[in-house]
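Asks: What shape does this take:
(one chain, ligands or ions: 2)
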Amino acid sequence: MGHQAIVDTTAGRETATPSLAVTRLTVTEFRCYARARIETDRRPVVLTGPNGAGKTNLLEAISFLAPGRGLRRATLAEIRRRQAPADALWGVAAEVETPSGSVAIGTGLEAAAGAPRRRAVRIDGKPAESQAALGSHVALTWLTPQQDRLFIEGSGNRRRFLDRLVFAFHADHAGHLAAYEAAMRDRARLLKEGRRDAGWLAALEETMAENGVAVAAARREVVERLRAADSVARFGGDTELFPRAELTLAGAVEDWLAEMPALAAEDRFRDRLATSRPLDAATATPVSAMVSSSAASQPASRRPSLSSRARSRIAAS
Ligand SMILES: Nc1ncnc2c1ncn2[C@@H]1O[C@H](COP(=O)(O)OP(=O)(O)OP(=O)(O)O)[C@@H](O)[C@H]1O
Ligand SMILES: [Mg+2]
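Replies: Numbering: from 1, shown residues only. Ligands and ions are numbered 1, 2, ... in the order given. Coordinates of the predicted model:
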């Protein structure tokens, strides 16, 4: 599709997980389109055409089916077709198949006399209070050439990108991350202050082990899903027309989970934390930072990272 691939974050293994599919897309006074309508089935779609034909514009239209400012983070005014009649408003309408059924989503600039213009949303014809309502139907993410720093810069950005994907699949991921980070900070403070309250430390380490393993397990599961979602690579049948992404998640707890059940990994993590108290009290990069979190400052080598080899091109150039 030339430049961008929208990654459908609810697409999983083709048989086991029902996926999200846009089966009809209509755009009105949107970018270069006065009006256009596309009907597809559940299979992956490849958009081809000369530069400037309007391929990315269609991806941008799809990006408005989720909350937010869309693929290009454009202002509402930029999106409206420049040649549109003065009173015309832009809009995107779509039929989306979701795991819980088909939903009709409409979104676009609202005609509000006097009030500041905003992007209004309709779900199955009914006005939604805010864009946030889209979140319960559609979760989308994208990887575009403008985001190439993701592959170049530190693993922290890649981890945050991965965590955003994980949030879409595991509703409790954010909670586990926050609980892990809070316990880690409390433990670091106790150790720094030289307070050897064994019971308190043990309780914090228990929280860290439980939540840290949950965080690592969820990240592993989503990376597995991405590996399995290779339907785009197989688009050409036996001949693979598109390169496959090669994804690896590196991290101590993640590695343990490859070898042992989650409960065993928790035990190991808890033991490791207990024995590392003296070391963690003395060092700025505690062993407790074994599950990477955005709050922790730690050497890059300890962070789990979503690494991409040269031949991984989720976003083709
Ligand atoms: N608000 C707008 N009104 C009218 N035309 C617009 C508007 N915004 C963008 N365009 C036009 O849309 C075209 C670009 O479309 P798009 O970015 O989708 O192209 P593309 O097919 O992705 O091209 P490429 O292969 O270069 O990535 C340009 O011709 C641009 O002038
Ligand atoms: Mg483009």
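Asks: Isn't Leu201 up against Arg189?
Replies: No. Between Leu201 and Arg189 there is no contact under CB atoms under 8 Å: 11.0 Å. Any C-beta I mention is one placed from the backbone N, CA and C, and that applies to glycine too.
Asks: between the two, who's got more neighbours?
Replies: The neighbour count for Leu201 versus Arg189, taken as other CB atoms under 10 Å, is higher for Leu201 (19 against 11).
Asks: pLDDT below threshold where in this structure?
Replies: For the chain, residues meeting the criterion pLDDT under 70 lie at 1-18, 230-237, 284-290, 292-317.
Asks: In it, what residue spans correspond to helices?
Replies: Taking DSSP state H as the criterion, the chain carries its helices at 55-63, 76-79, 149-152, 155-169, 173-192, 198-228, 252-259, 262-275, 277-282.
Asks: Quickly compare those and say which is most buried.
Replies: Ranked by mean neighbour count, those are led by helix 55-63 with a mean of 22 (mean count of other CB atoms under 10 Å).
Asks: what's that helix packed up against?
Replies: The contact analysis (3 or more CB pairs under 8 Å, 6 or more residues apart in numbering; DSSP states H and E) places helix 55-63 against strand 5-8, strand 21-30, strand 33-39, strand 91-98, strand 140-143.
Asks: Please list the outside residues in contact with it.
Replies: Here helix 55-63 makes contact (CB atoms under 8 Å, 6 or more residues apart in numbering) with 1-4, 6, 22, 25, 27, 30-33, 36, 38, 47-49, 70-72, 74, 79, 92, 94, 140, 142.
Asks: Buried ones only from those residues, please, as a ChimeraX command.
Replies: In ChimeraX syntax, the buried subset of the contacts of helix 55-63 is picked out as below (16 or more other CB atoms under 10 Å):
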select :1,2,4,6,22,25,27,30,31,33,36,38,47,70,71,72,79,92,94,140,142
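Asks: Stretch 78-92 near ligand 1 at all?
Replies: Yes. Stretch 78-92 lies within reach of ligand 1 by CB under 6 Å from any ligand atom, at Glu78, Arg80, Arg81, Arg82.
Asks: list the contacts for the second one?
Replies: Looking back up the chat, that one is Arg80. When contacts are counted by CB under 8 Å, 6+ apart, Arg80 touches Glu29, Phe30, Ala88, Leu89, Trp90, Leu109.
Asks: top of these by neighbour count?
Replies: Greatest neighbour count in the contacts of Arg80, by other CB under 10 Å, goes to Phe30: 25 neighbours.
Asks: Spatially nearest residue to that one, not counting backbone neighbours?
Replies: Distances taken as CB to CB, 6 or more residues apart in numbering place Trp90 nearest to Phe30, at 4.8 Å, with adjacent residues excluded.
Asks: Make sure that neighbour is actually in contact with Cys32.
Replies: No. Trp90 lies out of contact with Cys32 (CB under 8 Å); the separation is 11.5 Å.
Asks: For these two, list the residues in contact with both.
Replies: The contact sets of Trp90 and Cys32 overlap at Arg81 (CB under 8 Å, 6+ apart).
Asks: domains of this protein?
Replies: 5-145, 148-308 (automatic domain parsing).
Asks: now those domains in CSV, with distance to ligand 2?
Replies: Conversion of the domains of the chain to CSV gives the following (distance: least, CB to the ion, whole Å):
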stretch, distance to ligand 2
domain 5-145, 3
domain 148-308, 15
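Asks: show me the contacts for Ala183.
Replies: Leu204, Glu205, Thr207, Met208, Asn211.
Asks: Out of these, flag the one nearest to ligand 1.
Replies: Using CB to the nearest ligand atom, Asn211 comes nearest to ligand 1 of the contacts of Ala183, at 42.1 Å.
Asks: So the closest one is in contact with Tyr180, correct?
Replies: Yes. Shown here, Asn211 and Tyr180 form a contact pair, counting by CB under 8 Å, at 4.0 Å.
Asks: Can you get me a residue count around the closest residue to Glu95 other than its chain neighbours?
Replies: Nearest non-adjacent residue to Glu95, counting by CB to CB, 6+ apart: Arg24, 4.0 Å away. By other CB under 10 Å, the residues close to Arg24 number 15.
Asks: Settle this for me: Arg24 is touching Ile38, isn't it.
Replies: Yes. Arg24 is within contact range of Ile38, at 7.2 Å (criterion: CB under 8 Å).
Asks: Including distance to Arg225, could the residues of stretch 78-92 next to ligand 1 go into JSON lines?
Replies: Output for these, formatted as JSON lines (distance: CB to CB, whole Å):
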{"residue": "Glu78", "distance to Arg225": "34"}
{"residue": "Arg80", "distance to Arg225": "37"}
{"residue": "Arg81", "distance to Arg225": "37"}
{"residue": "Arg82", "distance to Arg225": "40"}
